[in-house]
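In: got a structure for you, letters missing:
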């Protein structure tokens, strides 16, 4: 048995049991690197875990525990909390109310544990939005649930992949709406949080770069004036306030420059601008961190993959990286909750 005191205890949720979540969790828990870095407890039902173990043809012990700290913490053992949502196996790859309700129940129980300090952070496998709706769950996704139950400050998504860290100013809006959604006020509200959340990860006096919107940063209005009218003035104001900010930096170079260490993080202006950069660098290694909660939540950056669920072919590298990131940063985030944003 490993030394329990040396590794953080991370709560894991398997997401929608009809998706690849149970499979990638089981696979990730077999990874020796994960076991060296974290202790874990899974929030699920024995039925869905047993179904995944049998589907994979593995011999693993499912060890039900009353509390997270009671786990065996041994190779070949999955310590889990029985949530009691599923009575038996569920059909893989199917949208269902049962799957949506179960995935939500796993998350809800894990949040209880994180808020109570029973686990230091959470790592989550994907939920399915359509199944959540079918189950009449009053939340659209993980982030909505977490913000409702565990918000500490304004929640922000942070992508971490190798040396690249990316925040998002806007997210799920149409491309036609992006330019109008980028405001000086929004940038000035986001930048202190970017700086704070990087400090919570252990970076001292981080330098944040703001990405440009237009090709070559607009070329002084030749390809658009957003940088001159909105983004640039906001960055100038941030610098006037004494914040460590750079930009706007053309988007075709800012992510590589951050990866090489010139900046500590990038504020991406819209969803695909940052997603494409991260996933091209390392699709399976990209981890999503939800910052601004009372604890750290990490997640794979892919969906339930119903098209391959139950076939045993899901790639678990994203889940491995999510667990490693949770182990690396959860304690630091907890310790930094009372850090103040720059003003």
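Out: Yep, that arrived. If you're wondering where the values come from, they're calculated on a predicted model, not measured in any experiment.
In: which residues of the stretch 201-343 of the chain fall in helices?
Out: Under the criterion DSSP state H, counting those that start in this stretch, the stretch 201-343 of the chain contains helices at 226, 232-240, 251-259, 271-282, 317-335.
In: between the ones you listed, which gets nearest to residue 79?
Out: Proximity to residue 79 (C-beta to C-beta) singles out helix 317-335 among the helices of the stretch 201-343 of the chain, at 13.7 Å. Every C-beta, even on glycine, is put in place using the N, C-alpha and C of the backbone.
In: Just the element for the residue lying closest to residue 316 once chain neighbours are set aside, please.
Out: Spatially, and ignoring its direct neighbours in sequence, residue 316 is nearest to residue 27 (3.6 Å; C-beta to C-beta, 6 or more residues apart in numbering). In this structure, residue 27 sits in helix 21-29 according to DSSP states H and E.
In: got a list of contacts for that helix?
Out: In this structure, residues lying in contact with helix 21-29 by C-beta atoms under 8 Å, 6 or more residues apart in numbering are 12-15, 34-35, 40, 42, 44, 48-49, 51-53, 55-56, 58, 60, 78, 103, 125-126, 300, 304, 309-310, 312, 314-316, 318-320, 322-323.
In: same question, stretch 81-93
Out: Contacts to stretch 81-93, defined as C-beta under 8 Å, 6+ apart, come from residues 17-19, 41-48, 50-51, 64-65, 68, 96, 98-99, 101-102, 105-106, 109, 113, 306-310.
In: Which entries within the residues you listed meet the buried criterion?
Out: With neighbours counted by 16 or more other C-beta atoms under 10 Å, these contain buried members at 17-19, 41-48, 50-51, 68, 96, 98-99, 101-102, 105-106, 109, 113, 306, 308-310.
In: which ones among the residues you listed are found in helices?
Out: Of those, the ones assigned to helices by DSSP state H are 46-48, 50-51, 98-99, 101-102, 105-106, 109, 113.
In: Show me the strands in this structure, by range?
Out: Counting by DSSP state E, the segments of the chain that form strands are 9-13, 39-44, 61-64, 77-82, 121-124, 151-161, 164-168, 208-211, 245-249, 265-268, 287-293, 296-300.
In: who touches the nearest residue to residue 67 once chain neighbours are set aside in this structure?
Out: In this structure, residue 67 finds its nearest non-sequential neighbour in residue 118, 6.4 Å apart by C-beta to C-beta, 6+ apart. Each residue near residue 118 by C-beta under 8 Å, 6+ apart is listed here: 9, 11, 67-69.
In: ok, 10 Å please
Out: By C-beta atoms under 10 Å, 6 or more residues apart in numbering, residue 118 lies in contact with 9, 11, 41, 67-69, 81, 110, 112.
In: quick one: which of those residues is most hemmed in?
Out: Counting neighbours by other C-beta atoms under 10 Å, residue 11 comes out on top of the contacts of residue 118 with 29 neighbours.
In: so that residue touches residue 125, yeah?
Out: No. Applying C-beta atoms under 10 Å, one finds residue 11 not in contact with residue 125, separated by 11.9 Å.
In: Mind listing the shared neighbours of the two?
Out: Between them, residue 11 and residue 125 share the neighbouring residues 42, 106-107, with contact defined by C-beta under 10 Å, 6+ apart.
In: which one among those gets closest to residue 296?
Out: Nearest to residue 296 among the shared contacts of residue 11 and residue 125, counting by C-beta to C-beta, is residue 107 at 14.7 Å.
In: give me the number of residues near the closest one?
Out: For residue 107, the number of neighbouring residues by other C-beta under 10 Å comes to 27.
In: Now do the same contact list for the residue nearest to residue 238 when sequence neighbours are not counted.
Out: Setting aside the residues directly before and after it, residue 238 is nearest to residue 245 in space (C-beta to C-beta, 6+ apart), at 4.4 Å. By C-beta under 10 Å, 6+ apart, residue 245 lies in contact with 187-188, 191, 194-195, 207-210, 234-239, 263, 267, 342.
In: Weed out the non-buried ones from those.
Out: Under a neighbour-count criterion of 16+ other C-beta under 10 Å, the subset of the contacts of residue 245 counted as buried comprises 187-188, 191, 194-195, 207-210, 234-235, 238, 263, 267, 342.
In: which pair in those residues spans the largest distance?
Out: Based on C-beta to C-beta, the longest span within these runs between 188 and 263 and measures 18.1 Å.
In: returning to what we had before: how far out from the middle of the chain is the helix holding residue 27?
Out: Taking the mean C-alpha point of helix 21-29 and that of its whole chain, the gap between them comes to 16 Å (C-alpha atoms, centre = their mean, to the nearest Å).
In: tell me the mean pLDDT for it?
Out: Per-residue pLDDT values over helix 21-29 give a mean of 98.
In: repeat for stretch 279-288
Out: Stretch 279-288 comes out with an average pLDDT of 95.
In: per-residue pLDDT, the residue nearest to residue 130 when sequence neighbours are not counted?
Out: Nearest in space to residue 130, with sequence neighbours left out and distances taken as C-beta to C-beta, 6+ apart, is residue 95 at 4.7 Å. On the pLDDT scale, residue 95 is placed at 97.
In: list the contacts for the residue sitting nearest the centre point of the chain?
Out: Within the chain, one residue has its C-alpha closest to the average C-alpha position: by C-alpha atoms, centre = their mean, that is residue 288, at 2.7 Å. Shown here is residue 288, whose contacts under the criterion C-beta under 10 Å, 6+ apart are 124, 142-143, 157-161, 166, 278, 297-302, 318, 322, 325.
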